[in-house]
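Engineer: Here's my sequence, what's the structure:
(one chain, ligands or ions: 2)
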Amino acid sequence: MAGTKHTSAVQDSARKTAAELNPNGPTGRPRREFAVPPTLAQHGPARIISLCNQKGGVGKTTTTISLSAALAEYGRRVLVVDFDPQGALSAGLGISTHDSNTVYDLLLGTVKDPAEVIQHTAIEGLDVLPANIDLSAAEVHLVNEVARETILARVLRKVSDDYDVILIDCQPSLGLLTVNALTASHGVLIPLECEFFALRGVALLIETIDKVRDRLNPAIELDGILATMYDSRTLHSREVLERVVDAFGEKVLETVIGRTVKFPDASVAGTPITEFAPEHAAAKAYRQLARELISRGAIA
Ligand SMILES: Nc1ncnc2c1ncn2[C@@H]1O[C@H](COP(=O)(O)OP(=O)(O)OP(=O)(O)O)[C@@H](O)[C@H]1O
Ligand SMILES: [Mg+2]
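Structural biologist: Ligands and ions are numbered 1, 2, ... in the order given. Below is the predicted model:
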């Protein structure tokens, strides 16, 4: 026992030295501590944030799951919206969608009350509007609707007062579903994988956000760009991140998510990383992301 203590004390002091030697974080800005936020005296109305990037596999769903769980730990009431027919968000939170209502029913109006669709997760304060493959028919079904871009916004308005934050996990496309998500949102968070083609397509994404701002939702803001799957040991990761910071400056969040196999493991378990491996660096990184977004005012 004493040995363990001794080892971790040595590790701690080694870590401190590393931070002291390099006072800058991975984004090149000075490392900062984000304070643990005070609990909220009252809840709602929610700020709605889309996690959006038409590039596949950049960490949208992982970030939605892990960030929402971290926010719930800080006492926030969180609703996550699975807006991808793959249903990975629902599965990653251990929600089965075989014969339950889904967000698709709300979009089509076959179910009117979101309470009949919302499912509670095992985590207190974290609810889900689930999806399954039915949602893949939505774009075709909704294309002739009046005000087809604002359908999700109208659905979420009904529940907004019950939550502090609503996170929408978008599918990897810029089609009608994603435009619905952006139209319903106050903010957008763009996860970017730290690899060579990370910036490809981001211009088109920003252009889409600008169009939505012009035509449908003047209030939408870019809340931040989140670097994911960062590997500090590779020059490649560091160079990509440097380029992202050159391009987006202060919009790049200071919190950077490292690459680790714990994420696939947590998905298989249907549990957020913050519960699956609470002390893992990746769980701590998502808690820091929650604190950073709260300190930036993106979340109450
Ligand atoms: N920081 C990370 N380190 C290692 N693996 C990760 C990390 N974040 C996510 N992954 C893994 O990468 C894969 C893609 O992640 P995720 O599903 O979150 O991306 P996505 O952007 O939602 O993908 P899609 O565009 O298909 O919806 C998953 O297998 C996930 O477990
Ligand atoms: Mg996804």
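
Engineer: Excluding residues flanking it in the chain, which one is nearest the most centrally placed residue in the chain?
Structural biologist: Compute the mean C-alpha point of the chain, and by CA atoms, centre = their mean the closest residue is Thr64, 3.2 Å away. Nearest in space to Thr64, with sequence neighbours left out and distances taken as CB to CB, 6 or more residues apart in numbering, is Asp169 at 4.1 Å. To be clear about C-beta, it is placed using only N, CA and C from the backbone, and glycine gets the same treatment.

Engineer: I figured that neighbour was touching Val80, is that so?
Structural biologist: Yes - at 6.5 Å, Asp169 and Val80 qualify as touching, with contact defined as CB atoms under 8 Å.

Engineer: Run a quick neighbour tally on the nearest residue to Arg32 once chain neighbours are set aside.
Structural biologist: By the measure of CB to CB, 6+ apart, the closest residue to Arg32 outside its immediate chain neighbours is Glu254, 6.3 Å from it. Neighbourhood size, Glu254 [other CB atoms under 10 Å]: 21.

Engineer: In contact with Glu254, which residues are there?
Structural biologist: For Glu254, the contact set (CB atoms under 8 Å, 6 or more residues apart in numbering) comprises Gly25, Thr27, Arg29, Arg31, Arg32, Glu292.

Engineer: Give the rounded mean pLDDT of stretch 171-187.
Structural biologist: For stretch 171-187, mean pLDDT is 97.

Engineer: what about the closest residue in space to Val143 that isn't next to it in sequence, distance to Val212?
Structural biologist: Closest residue in space to Val143, ignoring its immediate chain neighbours: Leu176 at 6.8 Å, by CB to CB, 6+ apart. Applying CB to CB, to the nearest Å, one obtains 12 Å for the distance of Leu176 from Val212.

Engineer: just Val58 next, same as before
Structural biologist: Counting by CB to CB, the separation of Val58 from Val212 is 20 Å.

Engineer: for Arg77, same thing?
Structural biologist: Separation of Arg77 from Val212 (CB to CB): 26 Å.

Engineer: Near ligand 1, which residues of the stretch 151-300 of the chain are found?
Structural biologist: On the criterion CB under 6 Å from any ligand atom, ligand 1 has as its neighbours in the stretch 151-300 of the chain the residues Pro172, Thr228, Met229, Ile257, Arg259, Thr260, Phe263, Pro264, Ser267.
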